[in-house]
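Visitor: Show me the folded form of this:
(chains A, B, C and D)
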There are 2 protein chains.
Amino acid sequence: MARKSPLKDEALEHVARRFAVLAEPMRLRLLQALFAGEMNVNALVAATGGTQANISRHLQTLTHAHILSRRKEGLQVFYTIADPSIFKLCELVCGSLEKQFTKNADAFSR
Amino acid sequence: MARKSPLKDEALEHVARRFAVLAEPMRLRLLQALFAGEMNVNALVAATGGTQANISRHLQTLTHAHILSRRKEGLQVFYTIADPSIFKLCELVCGSLEKQFTKNADAFSR
DNA sequence: CAAGTATATGAGTATATGCGCATGTTAAGT
DNA sequence: ACTTAACATGCGCATATACTCATATACTTG
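Guide: Sure thing, here's the model as predicted:
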């Protein structure tokens, strides 16, 4: 993106897919929890307040997108953030949204 | 995100919404076209190959998300990228996906 | 005011996906 | 072998949203 030649359709769909994976509040909560480091499923269920089944599915989605990595240890499965670009992505979006809100706040307060 | 205290639910939904807006190939095509500068709807319809109705809807979505800005001039409406963070966002995702693919390529070629 | 052009929008349909419930699978302990 | 614990998954429902077609709106020109 932001290059000389436009991306091909297939590439665009990959990019869109990546954004779609990040477009769920529950998945963002999982990522937020994992920012502190590796966690197993039970801990993530507790941290996010979701049901075990639902969390498991979201973890699957994030793993298939290569955003998380899985490590099995006995009965437990530990997940970690595998793609460091996620940090910057979230920071960028948060920063942009903050600007928007402070702008709106300004508009109302004068 | 990536801060000391976790984001509130409402903030997470805003972040998720921002990602959702970017999770459509056609909208990414529109952004890609607009990277070169301001364009009116007809030009965008031609550049993306979509129908006028569909493009108009996507432009509305992007504008409501404060990613694009609208400027009316007579009969025509010109759109511009209003949020510069979009550039970096797309670059980050593209870079991350490229790494993934070259990694996979490596894995198969040895 | 009539006609034409550029864009937006209402309505309907099809598809995708998040969630809950129940059940399956894998591994540890007794 | 049986039980229990930790995860994963099949299925059905409900909702969201992308797309198309037709029509509405806004503006310009004759």
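Visitor: How far off centre is stretch A:28-43?
Guide: Relative to its chain's centre, stretch A:28-43 lies at 11 Å (CA atoms, centre = their mean, to the nearest Å).
Visitor: who's in contact with that stretch?
Guide: A:22, A:44, A:47-48, A:50, A:52, A:55-56, A:58-59, A:62, A:67-68, A:71, A:76-81, A:86-87, A:90, B:1-2, B:6-7, B:12, B:15-16 (CB atoms under 8 Å, 6 or more residues apart in numbering or on different chains). C-beta here means a position set from N, CA and C on the backbone, and glycine is covered the same way.
Visitor: where exactly do the strands run in chain A?
Guide: A:39-40, A:68-73, A:76-81 (DSSP state E).
Visitor: Any part of the second one near DNA strand D?
Guide: Yes - Strand A:68-73 is in contact with DNA strand D by CB under 7 Å from any atom of the strand, via residue A:70.
Visitor: is any part of that strand close to chain B?
Guide: No - Strand A:68-73 stays clear of chain B (CB under 8 Å from any CB of the partner chain), getting no nearer than 12.2 Å.
Visitor: Show me what that strand is packed up against.
Guide: helix A:52-64, strand A:76-81 (3 or more CB pairs under 8 Å, 6 or more residues apart in numbering or on different chains; DSSP states H and E).
Visitor: how far away is the closest residue to residue A:22 other than its chain neighbours from residue B:65?
Guide: Spatial nearest neighbour of residue A:22, excluding adjacent residues (CB to CB, 6 or more residues apart in numbering or on different chains): residue B:19 at 4.2 Å. Separation of residue B:19 from residue B:65 (CB to CB, to the nearest Å): 10 Å.
Visitor: more neighbours, these two?
Guide: residue B:19 (22 against 19; other CB atoms under 10 Å in any protein chain shown).
Visitor: pretty sure that one contacts residue A:20?
Guide: Yes - if you go by CB atoms under 8 Å, residue B:19 and residue A:20 touch, sitting 7.5 Å apart.
Visitor: quick one on the thing from earlier: the helices and strands packed on strand A:68-73: which one's closest to DNA strand C?
Guide: Comparing the helices and strands packed on strand A:68-73 against DNA strand C with CB to the nearest atom of the strand, the closest turns out to be helix A:52-64 (3.5 Å).
Visitor: sorry, back to before: include distance to DNA strand D and mean neighbour count when you put the helices and strands packed on strand A:68-73 into a markdown table, please.
Guide: Shown next, in a markdown table, are these (distance: least, CB to the nearest atom of the strand, whole Å; neighbours: other CB atoms under 10 Å in any protein chain shown):
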| stretch | distance to DNA strand D | mean neighbour count |
| --- | --- | --- |
| helix A:52-64 | 3 | 16 |
| strand A:76-81 | 3 | 16 |
